[in-house]
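Q: structure of the sequence below:
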Amino acid sequence: MDLTTRYLGLTLASPLVPSASPLSDEVGNVRRMEDLGAGAVVLRSLFEEQIRRDRAELHHHLSFGTDSFAEAQSFFPEPAGFAIGPDGYLEHIRQVKAAVSIPVIASLNGSHPGKWTQYARLMQDAGADAVELNLYGIPTDVEKGAERVEDELLDVVRAVRAEVGVPLAVKLSPFFTNLANVALRLAGAGADGLTLFNRFYQPDIDLDHLEVRPNVLLSTPQALRLPLRWIAILYGRVKVDFAATSGIHSHEDVLKVLMVGASVAELCSVLMRHGLDHLTEVRRGLVEWMTAHEYESVRQMQGSMSQQHVESPEAFERAQYMRAVQRSPVFMV
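A: From the prediction side, this is the model:
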(Lines give C-alpha, C1' and ligand atoms only; values in the text may rest on other atoms or scores of the structure.)
Protein backbone atom coordinates (compact mmCIF):
# COMPACT_ATOMS: atom_id res chain seq x y z
CA MET A 1 0.00 0.00 0.00
CA ASP A 2 1.43 3.37 -1.04
CA LEU A 3 0.89 5.76 1.88
CA THR A 4 3.27 8.41 0.59
CA THR A 5 2.00 11.97 0.32
CA ARG A 6 3.38 15.33 -0.75
CA TYR A 7 3.17 18.11 1.80
CA LEU A 8 4.91 21.49 1.59
CA GLY A 9 7.05 20.18 -1.24
CA LEU A 10 8.26 17.33 0.96
CA THR A 11 7.70 13.63 0.30
CA LEU A 12 6.33 11.93 3.41
CA ALA A 13 6.16 8.17 3.83
CA SER A 14 2.82 8.55 5.63
CA PRO A 15 0.11 11.20 6.04
CA LEU A 16 0.21 10.75 9.84
CA VAL A 17 1.94 13.70 11.50
CA PRO A 18 2.10 14.26 15.27
CA SER A 19 1.32 17.94 15.75
CA ALA A 20 2.95 20.47 18.08
CA SER A 21 2.76 19.16 21.65
CA PRO A 22 4.93 18.23 24.64
CA LEU A 23 5.27 14.74 23.14
CA SER A 24 8.04 16.03 20.87
CA ASP A 25 10.12 17.46 23.73
CA GLU A 26 12.06 14.19 24.06
CA VAL A 27 14.25 13.05 21.18
CA GLY A 28 13.45 9.45 22.06
CA ASN A 29 9.76 10.14 21.58
CA VAL A 30 10.36 11.51 18.10
CA ARG A 31 12.35 8.39 17.23
CA ARG A 32 9.37 6.30 18.34
CA MET A 33 7.01 8.42 16.25
CA GLU A 34 9.10 7.62 13.21
CA ASP A 35 9.24 3.91 14.06
CA LEU A 36 5.47 3.81 14.59
CA GLY A 37 4.65 5.26 11.18
CA ALA A 38 4.72 9.05 11.44
CA GLY A 39 5.52 10.74 8.14
CA ALA A 40 6.85 13.92 9.80
CA VAL A 41 6.73 15.65 13.18
CA VAL A 42 5.82 19.18 14.23
CA LEU A 43 7.82 20.27 17.26
CA ARG A 44 6.24 22.06 20.19
CA SER A 45 5.80 25.79 19.56
CA LEU A 46 8.30 28.49 20.38
CA PHE A 47 6.32 31.58 21.42
CA GLU A 48 6.70 35.18 20.35
CA GLU A 49 6.82 36.16 24.03
CA GLN A 50 9.79 33.88 24.68
CA ILE A 51 11.79 35.44 21.89
CA ARG A 52 10.96 39.05 22.75
CA ARG A 53 12.46 38.94 26.21
CA ASP A 54 15.20 36.97 27.85
CA ARG A 55 14.31 35.21 31.07
CA ALA A 56 15.49 37.91 33.46
CA GLU A 57 13.68 40.68 31.64
CA LEU A 58 10.53 38.59 31.36
CA HIS A 59 10.61 37.84 35.07
CA HIS A 60 10.89 41.56 35.82
CA HIS A 61 7.84 42.40 33.72
CA LEU A 62 5.78 39.54 35.12
CA SER A 63 6.55 40.31 38.74
CA PHE A 64 6.54 44.12 38.68
CA GLY A 65 3.47 45.50 40.43
CA THR A 66 2.01 42.11 41.33
CA ASP A 67 1.35 43.27 44.87
CA SER A 68 -1.16 45.79 43.58
CA PHE A 69 -3.95 43.22 43.57
CA ALA A 70 -4.16 39.64 44.69
CA GLU A 71 -4.90 37.94 41.35
CA ALA A 72 -2.25 39.65 39.25
CA GLN A 73 0.30 36.86 39.27
CA SER A 74 -2.19 34.26 38.08
CA PHE A 75 -2.62 35.87 34.66
CA PHE A 76 0.87 35.12 33.32
CA PRO A 77 3.09 32.03 33.12
CA GLU A 78 6.19 31.96 35.27
CA PRO A 79 9.37 32.28 33.15
CA ALA A 80 10.48 28.80 34.21
CA GLY A 81 7.17 27.44 32.94
CA PHE A 82 8.33 27.50 29.33
CA ALA A 83 9.60 24.02 28.51
CA ILE A 84 12.39 25.08 26.16
CA GLY A 85 13.91 28.56 25.76
CA PRO A 86 14.86 30.06 22.39
CA ASP A 87 18.45 28.79 22.40
CA GLY A 88 17.40 25.41 23.72
CA TYR A 89 14.78 25.16 20.98
CA LEU A 90 17.40 25.51 18.26
CA GLU A 91 19.56 22.86 19.89
CA HIS A 92 16.51 20.61 20.13
CA ILE A 93 15.97 20.94 16.37
CA ARG A 94 19.57 19.91 15.76
CA GLN A 95 19.29 16.90 18.05
CA VAL A 96 16.02 15.71 16.52
CA LYS A 97 17.35 16.13 12.98
CA ALA A 98 20.37 14.02 13.86
CA ALA A 99 18.15 11.31 15.31
CA VAL A 100 15.48 10.81 12.64
CA SER A 101 15.11 10.78 8.88
CA ILE A 102 11.51 12.05 8.68
CA PRO A 103 10.97 15.78 8.04
CA VAL A 104 11.12 17.95 11.15
CA ILE A 105 8.78 20.95 11.17
CA ALA A 106 9.53 23.74 13.63
CA SER A 107 6.61 25.66 15.13
CA LEU A 108 6.60 29.39 15.72
CA ASN A 109 3.65 30.86 17.63
CA GLY A 110 2.75 34.56 17.57
CA SER A 111 0.27 37.20 16.54
CA HIS A 112 1.92 40.63 16.23
CA PRO A 113 4.46 41.95 13.72
CA GLY A 114 7.94 42.36 15.16
CA LYS A 115 11.59 41.33 15.01
CA TRP A 116 10.78 38.01 16.70
CA THR A 117 9.85 36.68 13.25
CA GLN A 118 13.56 36.64 12.41
CA TYR A 119 13.80 33.56 14.58
CA ALA A 120 12.29 31.56 11.75
CA ARG A 121 15.61 31.87 9.92
CA LEU A 122 17.46 30.47 12.94
CA MET A 123 15.07 27.52 12.94
CA GLN A 124 15.88 26.92 9.29
CA ASP A 125 19.60 27.24 9.95
CA ALA A 126 19.29 24.71 12.80
CA GLY A 127 17.97 22.18 10.30
CA ALA A 128 14.18 22.49 10.26
CA ASP A 129 12.74 21.16 7.01
CA ALA A 130 9.78 23.54 7.24
CA VAL A 131 8.21 26.06 9.61
CA GLU A 132 4.63 26.02 10.86
CA LEU A 133 3.60 29.53 11.88
CA ASN A 134 0.77 29.38 14.40
CA LEU A 135 -1.16 32.66 14.21
CA TYR A 136 -2.79 32.59 17.62
CA GLY A 137 -4.29 35.91 18.60
CA ILE A 138 -7.48 37.15 20.20
CA PRO A 139 -8.34 40.71 19.10
CA THR A 140 -9.88 42.65 22.00
CA ASP A 141 -9.53 46.24 20.78
CA VAL A 142 -13.07 47.42 20.03
CA GLU A 143 -11.66 50.11 17.73
CA LYS A 144 -9.78 47.67 15.50
CA GLY A 145 -11.73 46.42 12.48
CA ALA A 146 -11.47 43.02 10.84
CA GLU A 147 -9.43 44.28 7.89
CA ARG A 148 -6.75 45.70 10.17
CA VAL A 149 -6.58 42.47 12.17
CA GLU A 150 -6.12 40.47 8.99
CA ASP A 151 -3.53 42.91 7.61
CA GLU A 152 -1.40 42.52 10.75
CA LEU A 153 -1.49 38.75 10.48
CA LEU A 154 -0.50 38.96 6.84
CA ASP A 155 2.41 41.21 7.82
CA VAL A 156 3.61 38.47 10.16
CA VAL A 157 3.41 35.87 7.39
CA ARG A 158 5.29 38.10 4.94
CA ALA A 159 7.99 38.77 7.53
CA VAL A 160 8.50 35.07 8.20
CA ARG A 161 8.41 34.27 4.50
CA ALA A 162 11.17 36.83 3.93
CA GLU A 163 13.34 35.08 6.51
CA VAL A 164 13.17 31.50 5.26
CA GLY A 165 13.64 29.51 2.11
CA VAL A 166 12.13 26.33 3.53
CA PRO A 167 8.39 25.69 3.14
CA LEU A 168 6.04 27.70 5.34
CA ALA A 169 2.70 26.46 6.70
CA VAL A 170 0.31 28.80 8.49
CA LYS A 171 -1.86 27.43 11.28
CA LEU A 172 -4.86 29.61 11.99
CA SER A 173 -8.25 29.73 13.63
CA PRO A 174 -11.62 29.64 11.84
CA PHE A 175 -12.72 32.95 13.36
CA PHE A 176 -12.67 35.28 10.37
CA THR A 177 -15.43 37.16 8.59
CA ASN A 178 -14.51 35.40 5.34
CA LEU A 179 -12.09 32.56 5.93
CA ALA A 180 -11.95 31.73 2.22
CA ASN A 181 -10.62 35.19 1.41
CA VAL A 182 -8.13 35.08 4.28
CA ALA A 183 -6.85 31.74 2.99
CA LEU A 184 -6.36 33.22 -0.47
CA ARG A 185 -4.52 36.23 0.96
CA LEU A 186 -2.28 34.01 3.07
CA ALA A 187 -1.30 32.07 -0.03
CA GLY A 188 -0.49 35.37 -1.73
CA ALA A 189 1.63 36.38 1.26
CA GLY A 190 3.83 33.33 0.85
CA ALA A 191 2.17 30.46 2.71
CA ASP A 192 2.87 27.09 1.10
CA GLY A 193 0.33 25.33 3.29
CA LEU A 194 -2.53 25.94 5.71
CA THR A 195 -3.05 23.97 8.91
CA LEU A 196 -6.73 24.01 9.89
CA PHE A 197 -7.38 24.72 12.73
CA ASN A 198 -5.70 25.75 15.96
CA ARG A 199 -7.90 25.40 19.02
CA PHE A 200 -8.27 28.47 21.21
CA TYR A 201 -7.63 28.09 24.89
CA GLN A 202 -10.83 29.00 26.69
CA PRO A 203 -10.44 30.27 30.27
CA ASP A 204 -12.53 28.93 33.11
CA ILE A 205 -13.58 30.32 36.49
CA ASP A 206 -12.43 28.67 39.69
CA LEU A 207 -15.44 29.19 41.96
CA ASP A 208 -13.57 28.15 45.10
CA HIS A 209 -10.80 30.72 44.69
CA LEU A 210 -12.60 33.21 42.40
CA GLU A 211 -9.78 33.12 39.88
CA VAL A 212 -9.53 32.88 36.13
CA ARG A 213 -7.74 29.62 35.43
CA PRO A 214 -6.30 28.16 32.24
CA ASN A 215 -8.22 25.10 31.16
CA VAL A 216 -6.84 23.19 28.21
CA LEU A 217 -9.24 20.51 27.01
CA LEU A 218 -8.24 17.70 24.68
CA SER A 219 -10.23 17.54 21.47
CA THR A 220 -13.02 15.09 20.75
CA PRO A 221 -13.83 13.47 17.37
CA GLN A 222 -16.68 15.96 16.94
CA ALA A 223 -14.12 18.75 16.47
CA LEU A 224 -13.19 17.21 13.12
CA ARG A 225 -16.28 18.62 11.39
CA LEU A 226 -14.88 22.15 11.18
CA PRO A 227 -11.58 21.43 9.39
CA LEU A 228 -13.36 18.79 7.31
CA ARG A 229 -15.80 21.36 5.91
CA TRP A 230 -13.26 24.10 5.24
CA ILE A 231 -10.62 21.94 3.62
CA ALA A 232 -13.35 20.55 1.35
CA ILE A 233 -14.37 24.09 0.39
CA LEU A 234 -10.85 25.47 -0.11
CA TYR A 235 -9.28 22.48 -1.87
CA GLY A 236 -8.59 23.34 -5.50
CA ARG A 237 -9.53 26.98 -5.01
CA VAL A 238 -6.54 28.09 -2.93
CA LYS A 239 -3.26 26.75 -4.29
CA VAL A 240 -1.66 25.53 -1.06
CA ASP A 241 -1.32 22.20 0.70
CA PHE A 242 -3.66 21.49 3.59
CA ALA A 243 -3.00 19.86 6.92
CA ALA A 244 -6.04 18.89 8.99
CA THR A 245 -5.80 19.09 12.76
CA SER A 246 -8.22 18.97 15.70
CA GLY A 247 -10.55 16.03 16.22
CA ILE A 248 -8.48 13.41 14.38
CA HIS A 249 -8.64 10.31 16.58
CA SER A 250 -9.03 7.27 14.28
CA HIS A 251 -8.15 5.95 10.86
CA GLU A 252 -11.67 6.88 9.73
CA ASP A 253 -10.92 10.50 10.62
CA VAL A 254 -7.69 10.37 8.63
CA LEU A 255 -9.51 8.92 5.62
CA LYS A 256 -12.11 11.68 5.73
CA VAL A 257 -9.62 14.56 5.78
CA LEU A 258 -7.60 13.01 2.98
CA MET A 259 -10.74 12.64 0.87
CA VAL A 260 -11.71 16.30 1.27
CA GLY A 261 -8.22 17.37 0.20
CA ALA A 262 -5.77 17.33 3.09
CA SER A 263 -2.23 16.16 2.40
CA VAL A 264 -1.62 15.17 6.01
CA ALA A 265 -3.52 14.57 9.22
CA GLU A 266 -1.97 16.10 12.33
CA LEU A 267 -2.70 14.16 15.52
CA CYS A 268 -2.32 15.47 19.05
CA SER A 269 -5.07 14.89 21.63
CA VAL A 270 -5.47 11.20 20.81
CA LEU A 271 -1.73 10.63 21.30
CA MET A 272 -1.79 12.57 24.55
CA ARG A 273 -4.69 10.43 25.74
CA HIS A 274 -3.67 6.97 24.47
CA GLY A 275 0.08 7.22 23.92
CA LEU A 276 2.30 7.11 20.85
CA ASP A 277 1.50 3.45 20.15
CA HIS A 278 -1.90 4.61 18.91
CA LEU A 279 -0.12 5.70 15.73
CA THR A 280 0.30 2.01 14.86
CA GLU A 281 -3.41 1.37 15.33
CA VAL A 282 -4.36 4.31 13.12
CA ARG A 283 -1.90 3.27 10.42
CA ARG A 284 -3.11 -0.33 10.48
CA GLY A 285 -6.74 0.73 10.18
CA LEU A 286 -5.86 3.05 7.31
CA VAL A 287 -4.16 0.27 5.35
CA GLU A 288 -6.93 -2.27 6.05
CA TRP A 289 -9.66 0.12 4.88
CA MET A 290 -7.79 1.09 1.75
CA THR A 291 -7.15 -2.57 0.93
CA ALA A 292 -10.79 -3.53 1.47
CA HIS A 293 -11.98 -0.67 -0.75
CA GLU A 294 -9.35 -1.27 -3.45
CA TYR A 295 -7.39 1.94 -3.05
CA GLU A 296 -3.77 1.61 -4.03
CA SER A 297 -2.47 4.94 -2.74
CA VAL A 298 -3.25 7.97 -0.63
CA ARG A 299 -2.97 10.18 -3.69
CA GLN A 300 -5.78 8.21 -5.35
CA MET A 301 -8.30 9.34 -2.74
CA GLN A 302 -6.99 12.84 -2.01
CA GLY A 303 -9.61 15.48 -2.83
CA SER A 304 -12.16 12.93 -4.10
CA MET A 305 -14.78 14.22 -1.65
CA SER A 306 -13.93 17.91 -1.84
CA GLN A 307 -16.65 20.39 -2.71
CA GLN A 308 -15.50 20.47 -6.32
CA HIS A 309 -15.85 16.71 -6.75
CA VAL A 310 -19.01 15.68 -4.90
CA GLU A 311 -22.38 15.43 -6.60
CA SER A 312 -23.96 17.98 -4.25
CA PRO A 313 -21.51 20.85 -3.61
CA GLU A 314 -24.15 22.59 -1.51
CA ALA A 315 -23.68 19.85 1.08
CA PHE A 316 -20.88 21.95 2.58
CA GLU A 317 -22.92 25.16 2.67
CA ARG A 318 -26.19 26.65 3.96
CA ALA A 319 -28.54 24.38 2.03
CA GLN A 320 -27.28 21.32 3.88
CA TYR A 321 -27.75 23.11 7.20
CA MET A 322 -31.43 23.68 6.44
CA ARG A 323 -31.87 20.06 5.34
CA ALA A 324 -30.12 18.77 8.44
CA VAL A 325 -32.28 20.85 10.77
CA GLN A 326 -35.49 19.80 9.03
CA ARG A 327 -34.65 16.09 9.10
CA SER A 328 -33.00 15.87 12.49
CA PRO A 329 -35.06 13.90 15.06
CA VAL A 330 -33.86 16.39 17.66
CA PHE A 331 -36.09 19.03 16.06
CA MET A 332 -39.00 16.74 15.19
CA VAL A 333 -41.00 17.33 18.37
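Q: which secondary element of this structure has the worst mean pLDDT?
A: In the chain, no helix or strand scores lower on mean pLDDT, DSSP states H and E than helix 55-63, which sits at a mean of 48.
Q: which stretches of this protein form helices?
A: When assigned using DSSP state H, the helices of the chain occupy the ranges 27-35, 48-52, 55-63, 86-99, 119-126, 146-163, 179-188, 225-234, 251-260, 269-274, 278-292, 298-301, 318-327.
Q: what sits closest to residue 296 if chain neighbours are left out?
A: Nearest residue to residue 296, sequence neighbours excluded (CB to CB, 6 or more residues apart in numbering): residue 2, at 6.2 Å. (C-beta placed from N, C-alpha, C; glycine too.)
Q: and what of residue 108?
A: Setting aside the residues directly before and after it, residue 108 is nearest to residue 133 in space (CB to CB, 6+ apart), at 5.3 Å.
Q: for the one you found, what are its contacts?
A: Going by CB atoms under 8 Å, 6 or more residues apart in numbering, residue 133 touches 107-110, 120, 156-157, 160, 168-171.
Q: can you report how many residues neighbour the closest residue to residue 305 other than its chain neighbours?
A: For residue 305, the nearest residue in space outside its immediate sequence neighbours is residue 259; the separation is 3.9 Å by CB to CB, 6+ apart. By the criterion of other CB atoms under 10 Å, residue 259 has 20 neighbours.
Q: quick one: residues contacting residue 259.
A: Applying CB under 8 Å, 6+ apart, one finds that residue 259 lies in contact with 301-306.
Q: isn't residue 84 up against residue 90?
A: No: with the criterion set as CB atoms under 8 Å, residue 84 and residue 90 do not qualify as a contacting pair; they are 9.4 Å apart.
Q: with neighbour numbers in mind, choose between these two.
A: Set residue 84 next to residue 90 and count neighbours by other CB under 10 Å: residue 90 wins out with 20 against 16.
Q: so what's that one closest to, chain neighbours aside?
A: Across the structure, with CB to CB, 6+ apart as the measure, the residue nearest residue 90 apart from its sequence neighbours is residue 126 (4.3 Å).
Q: how long is stretch 206-217 end to end?
A: Its start and end residues considered, stretch 206-217 measures 15 Å (CA to CA, to the nearest Å).
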